[in-house]
Structures are given as C-alpha cells and as structure tokens.
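> structure for the following, please:
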Amino acid sequence: MGDNELGVFLRVRRGEVTPAEVGLPSGARRRTPGLRRSEVAMLAGVSVEYLTRLEQGRYRHPSPQVLAALAGPLRLTAAERAHLYRLTRASAGPCSALVTDPLRTVRPGLRALLDQLEPAAAMLANQVGDVLACTSGFRRLAGPTGMLDGDPPNLNRFVFTDPRAREVYPDWAHVADEQVAALKDGPPRPDFTDWLTAMAGDEFTERADRVPGLPRPHGLLRLHHPQAGPLRLAYEMMTLPGDNGLRLVVHLPADEATTEALLGLAPLRLVAQ
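Residues are numbered from 1 along each chain as shown. Presented below is the predicted three-dimensional model:
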C-alpha cells in the first residue's frame, strides 16, 4: 500500500463532490470534476496551504476538529468519517497491540446464519479476501468460475492473478478497484499486500495508490458464468465489526433472466471451509 492513504482519501473524495452539492456555482472553466482545493479549504475554515500539506502527505496528524470541518464539504458519511479518523491514527505508525491477524475461522452462529440464507449466494470473507464459509448457492455460482480454487479460496488472488477473472468479470477494472478498497478498509496487511505486489505488479500497486478505502456496500455485479452465461447480480455487503471486520456478502438476481439462469445451475453440496 502507499504511505499516504490519508492524502489519497482526501483527494479522491474532493474529486467526487460537485460544486452544486455544497452550494457553489459550477462555473465554466473547471478543468477537472469535483471541488477545487481552495473551495474545500474555504468551506472547512482551513488554509489552502494546510489542506495541500494534508493531501501531499507532508502533514498527517490533523486534529479531530479539523477532521470534522473537512467532513462537511467532502460530504462524508458516518462510515467515511470513521475511516478518515482511522487513517489519521494509522499515519502515526503501526500499533502491534491494535493490529491482529485476519480472522481465519467462523463462529457457529454465523454458519447458522448462512444456512438460513439458502438458496441465496452468500459468503463470509475476511479483510484480505479469504472466503471462510459460503452457502451452497454461492458454490453453484462461484465454483465453476474458478473463484473458489485454493485453500482457502481468496478473492484477491482470483481477481489479480487468475486469467479467468477477466473473462468472468466484464467490468474487471471496477471489481479490482473494489477489492483494493476492501483490503484497505482496516489495519495494514503488509505481508499480503507485498505478495500481491509481487504477483500482480502495476495492476495492484496503481490501485493501491489511487483507490481509497471503503468498498461500496451495495451495487450491481455483472458476471459471465461459464455455464449460465451473462448474469446481473445485485449484492449487499455488511461488515461485522464484532468479528474482526468479517464481511457478509449476499448476491441476488437483478433480473428475471438471471433468476432463470441460476435455477439451471447444477446443485452442489455445501462443503465447510
């Protein structure tokens, strides 16, 4: 990962907010979308020079009051505010007492929850993308693609190192961005990110420098299934803070054609991870 995650997050969010959203005229001479640095500084009540230092990584310890002031013009959600606060704490240096290994096991209550979600395609994954448990519906969906190869299966490994991923995901670049965002949404994982850097090179490192944390909690996923053909899946993702950031992701058909195609997939027995 880059060493200026705070600056990346601030720059990306600034580029995503339109002037109209904060009550400013759009103007006719804007070279790039989003807010100018001077506009964010004015709305937050800080100097342009101070905001420049934050974005460039030359100052990494803003006060909670400054974070709150920046959150307004950047239109941050509660989750994004929490993420911004975590980034400022991480910039102070790693704290071994607070960083734990990614979760590798799933407690019985969550396995029972997965059972109740059948026949939906649902899975539990940790921060680095290990698929720790899933429904038989998810195995029917993901198994034939190669996504569940490996012990344990790993979503980042599939997306960035398996050539089948680019055939499975018509929107591969977007999927790769979301995987990086999920990997960055939590404590640094240098061992895993170093491995991805070595295996995927620029495809991963360029995103690590550009993509902020916080993956989208819901959206539409297009998938080209080797057996069922083109699929459109609506997904919902929920982070489970009491389980070391474990993520529950549920995929549902987004149209009638996808519903029919999924019904035609061969049934597979659920195998515990």
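> the stretch 151-273 of the chain: helices as residue ranges?
155-161, 164-168, 172-184, 190-200, 202-210, 256-263 (DSSP state H, counting those that start in this stretch).
> what's the most buried one of those?
Of all the helices of the stretch 151-273 of the chain, helix 155-161 has the most neighbours on average by mean count of other Cβ atoms under 10 Å, namely a mean of 22. Using the backbone N, CA and C atoms, a C-beta is placed for each residue, glycine as well.
> residues in contact with that helix?
Here helix 155-161 makes contact (Cβ atoms under 8 Å, 6 or more residues apart in numbering) with 125, 128-131, 146-147, 149-150, 164-165, 169, 172, 175-176, 179, 183, 192, 196, 199-200, 203-204.
> adding distance to Gly15 and mean pLDDT, write the helices of the stretch 151-273 of the chain out as TSV.
Converted to TSV, the helices of the stretch 151-273 of the chain look like this (distance: least, Cβ to Cβ, whole Å; pLDDT from 0 to 100):
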stretch	distance to Gly15	mean pLDDT
helix 155-161	24	95
helix 164-168	27	97
helix 172-184	14	96
helix 190-200	24	87
helix 202-210	11	90
helix 256-263	33	94
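> dump the ones you listed to CSV, plus distance to Leu67.
Rendered in CSV, the data for these read as follows (distance: least, Cβ to Cβ, whole Å):
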stretch, distance to Leu67
helix 155-161, 29
helix 164-168, 37
helix 172-184, 18
helix 190-200, 25
helix 202-210, 22
helix 256-263, 42
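> can you tell which of those helices is closest to Arg89?
With distances scored as Cβ to Cβ, the stretch of these nearest to Arg89 is helix 172-184 (14.3 Å).
> other SSEs contacting the closest one?
In this structure, helix 172-184 makes packing contacts with helix 155-161, helix 164-168, helix 202-210, judged by 3 or more Cβ pairs under 8 Å, 6 or more residues apart in numbering; DSSP states H and E.
> to Pro230, which of those helices lies closest?
Proximity to Pro230 (Cβ to Cβ) singles out helix 164-168 among these, at 11.0 Å.
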